[in-house]
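A.B. asks: Quick one, what's the 3D model for this:
(2 chains)
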Amino acid sequence: MVKLTINGQEVEAGRDSSILDAAKSVGIIIPTLCHLKGLEPYGGCRMCLVEIERVSRLQTACTTKVNEGMAVFTETEQINKARRAMLEFLLINHPLDCPVCDKAGECLLQDYAARFGGSEGRFAEGKRTHPENVNDPFIVRNMQRCILCARCTRMCGEAQGAYAIAVTGRGAHSFVEPFSGDKYNCEYCGNCLTVCPVGAIMSRLHRHSYRPWYVEKEVETVCGFCGVGCTTHLQMRAATIIRTLPKLGTGVNKGLLCVRGRFGYDYVESEGRLKTPMIRVNGVLEPASWEKALAYITTHLKDIKLKHTSKAIGALASGMCSNEDNYMLQKLIRFVIGSNNIDSTARLYYAPAKAYIEKIFGAAATANAISDIEKSDGIFVAGGDPTAINPVLGVQIRAAWRRGAKVVVSGQPGGLGNFINYDLNSVPRHEETVLNTIVIGLAEMKGYSGKNSYIETKIKALRVPCEPELRATGVLLENMEEAVDDLSGLKNPVVVIGPALLQSGIPSKNLFLVAAIAYLIDARVYLLSRKANYRGLIDMGCVPESIPGGLPVRPGQLRLKNGVAMSVPSEKGMNLFEMIEGACNGSLKALYVMGENPIFNLPDREKTEKAMSSLDLLVVQDIFMTETARHAHVVLPAAAWSEKDGTMTNLGGRIQFLRKGSDVPTGRSEWRVIAEIARALGMSETYADSKEVWEEMTQVSVLHSASEYEDIKKGGLMWPYGSVQFQGGAEDFGVEGLEILPAVHHHSSQCSTEPCKLSLLPERSLFHSGSTTRKSKAILSVSPEPYLAINPIEAGRLGLRNDDTVRVKTAKGSAVVTVKIVIDCPEGTVMLSNTFEKVNFNALTGYSVDPVLGCMVLTDNEVNIEKL
Amino acid sequence: MKNVILRNIENPSSHRIEEYIKAGGYFAIEHALNEMTPRDIIDDIKKSGLRGRGGAGFLTGTKWQFASLDPKFPKYIVCNADEGEPGTFKDRVILERNPHQLIEGMVIAAYALQSVRGYIYVRAEYPQAEKILNEAIKEAYEKGFLGNDIMSKHFRFHLSVHRGAGAYICGEETALINSLEGRRGEPRIKPPFPVNAGAWAKPTIVNNVETFANIPYIIETSPKAYSFLGTKDSPGTKLFCVSGAVNNPGVYELAFGTPLREIIYDHCGGIRGGRALKGVIPGGLSTSILTPDKIDCPMDFASLAKHGSMLGSGAIIVLDDTMCIVKIYERAMRFFEHESCGKCTPCREGTGWMRTILGRIEDGMADMEDLATLEDVALNVAGKTFCPLGDGAAHVLLSAMKHYRGEFEYHVKYKKCEVTDPSHRWGHLSMGELD
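C.D. replies: Numbering: from 1, shown residues only, chains lettered A, B, ... in the order given. As a prediction, this is how the structure comes out:
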């Protein structure tokens, strides 16, 4: 610690702290414009000049480190003149168009000019001009207003790692421009918007429709787009979200957001929102009152239960709904109706992967704070681009890389492309060989710790790939060896697993191999989660095999504090795939779908459609008339993300508050409606608010039993939520094809004679999350159309160019799309995202269920591409 | 007096390696590699009292010592050949006529710092120098003075030329390093200084061309012999490049401490046309102007500082009585405005503002209030900028306004120039060629 005085006041500060920080610690405010906590000091604006005793020149407080015995003055006449001078300089070329500037009212320059500036201007010359650029769908650049603090460019580079914008030109003619020129061609994280202190970089979404003083209410909530759980603030006026605003340095995201979280919120105000309950009458959905709709549901549920027993009733929970919604749905199905038939689309990848990893390592394995990634010294990524699936988590990987962490990526690097030490992107279907080689290499380097004999036995059973097998991967052996070297030396490693790991080859083998890497280097594991609350819904018991809190389903009774007993049904529940199968073969008669769209989101659309239309009762509770809702007997309008209170659990296991900005304009909160149905079916409990639902849940869930609702307020509750007994041990687990490696084909020679078969894979886009973003006008303005991503080599082979229209045909169906040549797309594959109504990826493919993991494996995805 | 830097200058092929070796060149490397430890070299440079020739006059030996004491490796040797200071053309002579002396100096520096990589950052406006340098480097590689095993002494050093992109600011060492790394040419925060965190955050010494060219002489003679030249405070010789209203403008290698009068009237043959001296800008455009009464000032670091100016790059710009001071500083400010990088507020906005006011004064469109504003703006810039560019711009204007106040006021009062006014005593004379 160093002792100094600031304005005569004694201050103690850390050896490395700046005068600015030292002053702040005792409440002395020094005005700054370019300074931003978290970014490197810049020293450009010169607003923070201070006087230091025995130093002839004024010094910038943001760049000057404290010294023992230093005497600093921040409020002398000389300083006041300097501040006045800097503001005068900033204003001479500033257009002073505050009356038409959206920033007015929250503009730092305006505030400072009022507080420290002079009363009149002496500038008699002409101002610099620069045309406003309004060509971008999201970001308006008005560089006349720019004060060149470079916060945006530093944010873009240092924090986001996008390097999309830079200061161009020089002197007073320096302007911030995207490298792409006119429009931005970037990730549209919009973090430049957050940090611009003036009106130079503004959001186009609320342009000229908003003033800071219009904000009637600001609520801190959690973003509902993906599993990261970014903290964001909703600024509300009446029932309208004016904008979402992160607060720098707060939340798991530390104030960063991605394109979906920042710009995609307008779907909640889409005209397509369901406004009233609907009941199918003579084959047509017709508006009905809530009473009628709920009466319809309860009568039919009672009927079906009577006729076919409770096992004919099931439900699909939602990764977009809160813990309370999911708990209540689970309660209705499991405790009130008495069936274990509850599942969700987490079954496709997240739930089986989580269950498998936890089986190997114990329940704590997948619960890790996202902010720890940044502090890691090495990250192994397999199975997808984190910067697209969970963008802010991806940004943390970039940040770690910039701090010197080694980043090893198996699979498509995507947005990590420039932040990689070892790119082990193999030829499709040979990823297994690469992973296999790394596991064997690490086992040799690190040896066996003996902690987990199950996994060690299996690692020992792996076969060393032979030369041709290694060559077939397309990854250099020395590259793998160097990666092994670096991975084995890590002190604080992280393994990130994405959905693509389970979609090709043998899922259990792939997942086992990555788990083996995590085991050998003792890494923390993160499972990417496309939906915001997949982890939460599993914790809430929305899986057939376990009850809230994660304990396996065992027949018996759970007793609430008030003495009410709830029985756990004994019949084994059906999972997602079994329910679809069951609906087709008549063993499932009723399905309650909450906030999910299985027809669109499950492969083999034809089969799912058949299943949905075979049901005696299909209830769909959603905010939009989805493909599934069109088949429903009853449709219930639901509350959107910004309209409900509750909690969400992020992919790392942090429970955070979801707070409503406005009331549901037309629908009702999911859990309230479900509770009403449950009461009509015999449930006695009533709930005043979501807190009471949470509190009941904590009496049922062992995992949450020690948690305090109030604690969530302090930045979230971290796993295991205060309970110590919930650790769980490692168990034995199954792996398929331990000794088998992918066969080596002579791919190229085959292709020269006959047209090569391409496989169709899902593209996980940064811009879209599926059913909600396709209703967001903002998101559609940057990513309006579906496209077929194809590798340039394949495109050349097929004679395709960008924007060609093609018919994509598989055994399951066909679609017409335009072509986009993407270098990142692996050879032998084409990719299509599953986000647009008119081109449904899942209508083109089939699936099978992996026997070990129970996850989905894509089938029937060989495509023929025909140029139109 | 002996030429240290421009020895062999009379030889038209002095840039060829054979000629350089014939004149005793590359002997210093041999001597250094055979008989001296890196530490000996740094000690010798320190003892010689050699001061950097880029403008600030920092002690070269001390700079090298700082870099050598930093435990980080690799270390980089960078030669600043971004000779952008208006009035300066001394480095060009070395680059074009004596490139091997620079290379030799850099190799010795590399050996002293155990560096394996060096760069010569040449301004884009010197294509001829760049060409000659590249040839010289090639020759040095062929002769084994550069490469993986220099003079079979298991010492490795590679050197290449990096062409600048036309920005004056890149003559500032941290901006130069940014530019070298491929970033925007903007100065960095100091500390850390380049000696600790320069190119790619590694210890880096950035020295001027002329500074490096002094090294071989110090090594092949002795620090003592070197310090006999010049003055106690500024040992050695200096390249003075004289331009403006003199009969024989050019580059002169003279001992430090040579009086300004001797340079102008003896070496340069006096003022052109026998006219009266109006003032001298002694060290490049960003040094304060000296009035004729200070003509006896010895040209060394300390004496010029005493006279309220700086030695700078040694670029002496001589002004005669036909030249309009307002016009000169309007033109100077246009340069500073154009070259301001834009990073810091006062320089970015202030230089342009000062230029426009100066323009109005020059055009007879200003009043006394403008003069007051101009002075206040300059005071608001001075001492508050991020790097010396804006600071220098403000200071030179302030000193001109102080010493030639009457001329500024004449412009404002009579809406015309004192020196070109036909009713005035000097009116019949034409303007100087500075514009």
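
A.B. asks: Mind listing what's buried along stretch A:578-588?
C.D. replies: Neighbour-count burial for stretch A:578-588, counted by 16 or more other C-beta atoms under 10 Å in any protein chain shown, picks out A:578, A:579, A:580, A:581, A:582, A:583, A:584, A:587, A:588. Bear in mind the C-beta positions are built from the backbone N, C-alpha and C, glycine included.

A.B. asks: no wait, stretch A:521-528
C.D. replies: For stretch A:521-528, the buried set under the neighbour-count rule, 16+ other C-beta under 10 Å, comprises A:521, A:523, A:524, A:525, A:526, A:527, A:528.

A.B. asks: Just the closest of the residues you listed to residue A:313, please.
C.D. replies: Nearest to residue A:313 among those is residue A:527, at 30.1 Å by C-beta to C-beta.

A.B. asks: tell me the contacts of that closest one?
C.D. replies: The contact partners of residue A:527, taken as C-beta atoms under 8 Å, 6 or more residues apart in numbering or on different chains, are A:350, A:353, A:354, A:357, A:366, A:497, A:651.

A.B. asks: ditto for residue A:718
C.D. replies: Shown in contact with residue A:718 (C-beta under 8 Å, 6+ apart): A:367, A:369, A:653, A:654, A:655.

A.B. asks: How about the closest residue to chain B within the stretch 351-500 of chain A: what's its closest non-neighbour residue?
C.D. replies: Checking the stretch 351-500 of chain A residue by residue against chain B with C-beta to the nearest C-beta singles out residue A:404 as nearest, at 11.4 Å. Take residue A:404 and drop its neighbours on the chain: the residue closest to it by C-beta to C-beta, 6 or more residues apart in numbering or on different chains is residue A:377, 7.1 Å away.

A.B. asks: Next one, pLDDT for that neighbour please.
C.D. replies: Residue A:377 carries a pLDDT score of 95 in this model.

A.B. asks: right, and it touches residue A:406 too?
C.D. replies: Yes. In terms of C-beta atoms under 8 Å, residue A:377 counts as a neighbour of residue A:406; the distance is 7.1 Å.

A.B. asks: Show me the chain divided up by domain.
C.D. replies: Unless you meant another one, I'm taking chain A. Structurally, chain A divides into domains by automatic domain parsing as follows: A:2-75, A:126-269, A:278-344+A:543-705, A:350-527, A:751-867.

A.B. asks: was after chain B, sorry
C.D. replies: If the domains of chain B are taken from automatic domain parsing, they occupy B:17-228, B:237-320, B:325-414, with pieces of a single domain joined by a plus sign.

A.B. asks: Just want the residue of the stretch 1-150 of chain B that's nearest chain A.
C.D. replies: residue B:84 (13.5 Å).

A.B. asks: Can you tell me how far that residue is from residue B:91?
C.D. replies: When distances are taken as C-beta to C-beta, to the nearest Å, residue B:84 and residue B:91 turn out to be 10 Å apart.

A.B. asks: who's more crowded, the two?
C.D. replies: Residue environment comparison for residue B:84 versus residue B:91 gives the larger neighbour count to residue B:91, 31 against 21, counting by other C-beta atoms under 10 Å in any protein chain shown.

A.B. asks: The more buried one belongs to a helix?
C.D. replies: Yes. Per DSSP: H, G, I helix; E, B strand; the rest coil, residue B:91 lies within a helix segment.

A.B. asks: if I look at it, how far off is residue B:209?
C.D. replies: For residue B:91, the distance to residue B:209 equals 4 Å [C-beta to C-beta].

A.B. asks: who touches both of those two?
C.D. replies: Shared contacts of residue B:91 and residue B:209, defined by C-beta under 8 Å, 6+ apart, comprise B:81, B:83.

A.B. asks: Can you give me the pLDDT of residue 294?
C.D. replies: I'll assume chain A. With respect to pLDDT, residue A:294 scores 97.

A.B. asks: That was the other one, I meant chain B.
C.D. replies: The predicted local distance difference test score for residue B:294 is 96.
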